[in-house]
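Enquirer: Attaching a predicted model along with its sequence, questions to come.
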Amino acid sequence: MRPARDAAAIGLTLAACAFAAGPLVWGLLTSFKPAMQVVAYPPRLWPTSPTLEHYLAVWQQSNFPVYFTNSLIVTAVSVVASLVLAVHAAYALARFDFRGKTALMFGILATSMIPGIAILVPLYNLSVKTGLYNTLTGMVIVYTAWNVPLLVWLLKGFFEKVPRELEEAAEIDGCGPFRLFYLIVLPIARPGLLAGAIMAMMAVWNDFLIGYTLAVSEQKRLVPYGLYAYISNIGIDWGQLMAATVLALVPVVFAFLIMQKWLVQGLMAGAVKG
């Protein structure tokens, strides 16, 4: 009975993986097909003569490199800024008791539940009046404010799991509050920081609505708009769209692989230190 159950579980897992990975594999293979094979009927999965023409067209004959660079800048700066703000607020909520703490926590949580489309008009008006419309700085500020509430709640849970005895022992040894936080607490909470960084990165890199609303010139657009630009009234260039999609996935996959390594090490170190 048990082998049959295990085989069924493995079969369902493989089927789910194939269902999830199928569109990605099809898009990757499509990006290497010549233009005639992309629209061929019946469709073929494997390209008979792989080519890089779609990648060259995307990178050399469009503004995609500009969108790509802008997304890298906005994502990196907003993730760092979000973490810097969130770690201090999360630690304060995890360790200190003060009047209005519960109301403040619920207020922070409520702000993260507001859908982005509900505040687009106020964001647009504020960005215009402050001179931040159509600037990367304006988008960094908005994305940072967008990510901070969720990161505060996420990191608060990690800080609460840090043993208080460890902090008390450090204080007895003469460790000041700043050294205690930056040299002892933060390294132990590194898995939470990396998890928060991945979540914030995905939220910014994949967002279309805010980036499309707060930028109007081609020199300030982000990657999601660059992908949307391949869909027009006269049709869709599937080869170039798939090539641009693959290029857009590269930073996300690369960052996840890098962070996954440090995430595992951080979990093991945190378990030993705890």
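Expert: Thanks, I have it.
Enquirer: What count of nearby residues applies to Asn134?
Expert: By other C-beta atoms under 10 Å, 16 other residues sit near Asn134. C-betas here are computed from N, CA, C, even on glycine.
Enquirer: ugh, typo on my part, it should be Val252
Expert: Look at Val252: counted by other C-beta under 10 Å, it has 15 neighbours.
Enquirer: number of nearby residues for the nearest residue to it once chain neighbours are set aside?
Expert: Leaving out its chain neighbours, the residue that sits closest to Val252 by C-beta to C-beta, 6 or more residues apart in numbering is Trp205, at 6.1 Å. Using other C-beta under 10 Å, Trp205 has 23 neighbouring residues.
Enquirer: how close does the residue most central in space within the chain get to Ala189?
Expert: Centroid-nearest residue in the chain: Met202, 1.5 Å away (criterion: C-alpha atoms, centre = their mean). According to C-beta to C-beta, to the nearest Å, Met202 stands 20 Å off from Ala189.
Enquirer: And Val142, by the same measure?
Expert: On the measure of C-beta to C-beta, Val142 and Ala189 end up 26 Å apart.
Enquirer: How about Gly27?
Expert: Note on Gly27: its distance to Ala189, by C-beta to C-beta, is 37 Å.
Enquirer: higher neighbour count, the two?
Expert: The neighbour count for Gly27 versus Ala189, taken as other C-beta under 10 Å, is higher for Ala189 (25 against 16).
Enquirer: Please name the nearest non-neighbouring residue to the more buried one.
Expert: According to C-beta to C-beta, 6+ apart, the nearest residue to Ala189 is Phe158 (4.5 Å).
Enquirer: For the helix or strand hosting the one you found, which helices and strands make contact with it?
Expert: Using DSSP states H and E, Phe158 sits within helix 136-160. Helices and strands touching helix 136-160, by 3 or more C-beta pairs under 8 Å, 6 or more residues apart in numbering; DSSP states H and E, are helix 64-95, helix 101-112, helix 120-129, helix 190-205, helix 209-214.
Enquirer: Quick check: next helix or strand after it?
Expert: Beyond helix 136-160 on the C-terminal side, the first helix or strand identified by DSSP H and E is helix 164-172.
Enquirer: got the CA positions of that next one in PDB?
Expert: Below are the C-alpha coordinates for helix 164-172, written out as PDB (Å, rounded to 0.1, in the frame of the first residue of the first chain):
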ATOM      1  CA  ARG A 164      16.400  36.900  24.200                       C
ATOM      2  CA  GLU A 165      19.000  35.100  26.300                       C
ATOM      3  CA  LEU A 166      21.500  35.700  23.500                       C
ATOM      4  CA  GLU A 167      21.000  39.400  23.600                       C
ATOM      5  CA  GLU A 168      21.100  39.500  27.400                       C
ATOM      6  CA  ALA A 169      24.400  37.600  27.400                       C
ATOM      7  CA  ALA A 170      25.800  40.100  24.900                       C
ATOM      8  CA  GLU A 171      24.700  43.000  27.000                       C
ATOM      9  CA  ILE A 172      26.300  41.500  30.100                       C
END
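Enquirer: Any buried residues in it, and which?
Expert: Residues of helix 164-172 classed as buried by neighbour count (16 or more other C-beta atoms under 10 Å): 167, 170.
Enquirer: Relative to the whole chain's centre, how far out is it?
Expert: With C-alpha atoms, centre = their mean, to the nearest Å as the basis, helix 164-172 stands 34 Å off its chain's centre.
Enquirer: I appreciate the help and will end here.
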